[in-house]
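>>> here is a sequence together with a model predicted from it:
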Amino acid sequence: MRGKKPSVRAPQARIKKPSPKARRLSRLTAIASHAMMGAAIGLGFAFVATRSPNFGVTPALLSLPAFRLFDFALTSATGFAIVAALTGLALSEAEER
């Protein structure tokens with residue numbers, strides 16, 4: 001004889017929310033990774049701008065008395081890093097809402 005099988009419901013998966021400390025750490029690592037990506041792009045930009053004769057950046061920088069190519073690369077990397085970090089922060093805030 002066949003008996004009726006009891007209906008078995010699959011238990012629902014519980015979604016575990018990350019703790020506030022983990023969310024803060026995740027946000028900080030995201031901002032840091034955006035800043036490092038921006039710094040890398042800034043260094044790439046400085047390299048291309050100073051090595052290519054088409055842009056004329058190197059002669060302009062060499063005409064300045066106290067400004068070196070290293071300063072240009074550092075300024076480019078810092079500027080790109082700050083902008084990328086702020087952009088990443090704005091995008092992550094918009095994503096959470």
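In hand now; what should we look at?
>>> by mean pLDDT, point me to the weakest helix or strand of this structure.
The weakest-scoring helix or strand in the chain, judged by mean pLDDT, DSSP states H and E, is helix 57-63 (a mean of 86).
>>> got the contact list for A84?
Each residue near A84 by C-beta atoms under 8 Å, 6 or more residues apart in numbering is listed here: 34-35, 37-39, 41. The way it works is simple: take the backbone N, C-alpha and C, and place the C-beta from them, glycine included.
>>> top helix in this protein by residue count?
Longest helix in the chain, counting residues (DSSP state H): helix 20-51.
>>> output the contacting helices and strands for it.
Helix 20-51 makes packing contacts with helix 57-63, helix 69-96 when contacts are defined by 3 or more C-beta pairs under 8 Å, 6 or more residues apart in numbering; DSSP states H and E.
>>> quick revisit: CA atoms only for the least confident helix or strand of the chain - export them in CSV, please.
Coordinates of each C-alpha in helix 57-63 appear next as CSV, following Å, rounded to 0.1, in the frame of the first residue of the first chain:
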residue,chain,number,x,y,z
VAL,A,57,55.0,68.4,-20.5
THR,A,58,58.7,67.6,-20.0
PRO,A,59,60.1,70.9,-21.4
ALA,A,60,57.5,72.9,-19.5
LEU,A,61,58.4,71.2,-16.3
LEU,A,62,62.1,71.5,-16.8
SER,A,63,61.7,75.3,-17.3
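>>> ok, the residue sitting nearest the centre point of the chain to K21 distance?
Closest residue to the average C-alpha location of the chain: H34 at 1.3 Å, with C-alpha atoms, centre = their mean. Taken as C-beta to C-beta, to the nearest Å, the spacing of H34 relative to K21 amounts to 21 Å.
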